[in-house]
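K.L.:
Return a 3D structure for these sequence lines:
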Amino acid sequence: MTALALMIRPTRHGWAVYLTDGREVARFNGPAAKRRALRYLASATKALQDPAGATKGDSPKVATC
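P.N.:
Residues are numbered from 1 along each chain as shown. The predicted model follows:
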């Protein structure tokens with residue numbers, strides 16, 4: 001399995017988040033597109049570092065039917 005990283009690149013009308021193998025993960029258009037792409041990249045990086053997906057102080061996620 002190949003390790004992949006996330007990166008942002010400009011597109012015609014905004015910015016997009018890509019994997020290093022070239023697959024597009026998310027696209028953002030408009031005046032604040034770069035800021036939103038950077039925020040997405042930061043939240044995705046944080047989620048990868050915290051495998052539980054919870055921050056300190058959060059209660060565990062419980063599914064109910």
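
K.L.:
got the contact list for Phe49?
P.N.:
That one is not Phe; residue 49 is Gln. Contact analysis of Gln49 by C-beta atoms under 8 Å, 6 or more residues apart in numbering lists nothing. Backbone N, C-alpha and C define where each C-beta goes, glycine included.

K.L.:
pLDDT at it, what is it?
P.N.:
Note on Gln49: pLDDT of 79.

K.L.:
now swap in Arg35 and tell me
P.N.:
96.

K.L.:
cool, and the one 10 residues further on?
P.N.:
For Thr45, the pLDDT comes out at 83.

K.L.:
repeat for Arg27
P.N.:
96.

K.L.:
SS state for it?
P.N.:
strand (DSSP: H, G, I helix; E, B strand; the rest coil).

K.L.:
which ones are touching the residue most central in space within the chain?
P.N.:
The residue lying closest to the centre of the chain (C-alpha atoms, centre = their mean) is Ala44, at 3.4 Å. For Ala44, the contact set (C-beta under 8 Å, 6+ apart) comprises 6, 17, 25.

K.L.:
Buried by neighbour count: which residues of whichever helix or strand it is part of qualify?
P.N.:
Take DSSP states H and E as the rule and Ala44 turns out to sit in helix 33-49. Of all the residues in helix 33-49, those buried under the rule 16 or more other C-beta atoms under 10 Å are 33, 36-37, 40-41.

K.L.:
got CSV for those, with distance to Gln49 too?
P.N.:
Below are the buried residues of helix 33-49 laid out as CSV (distance: C-beta to C-beta, whole Å):
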residue, distance to Gln49
Ala33, 25
Arg36, 21
Ala37, 19
Tyr40, 15
Leu41, 13
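
K.L.:
Hmm, Arg36 is touching Val17, no?
P.N.:
No - counting by C-beta atoms under 8 Å, Val17 is not a contact partner of Arg36; they are 9.7 Å apart.
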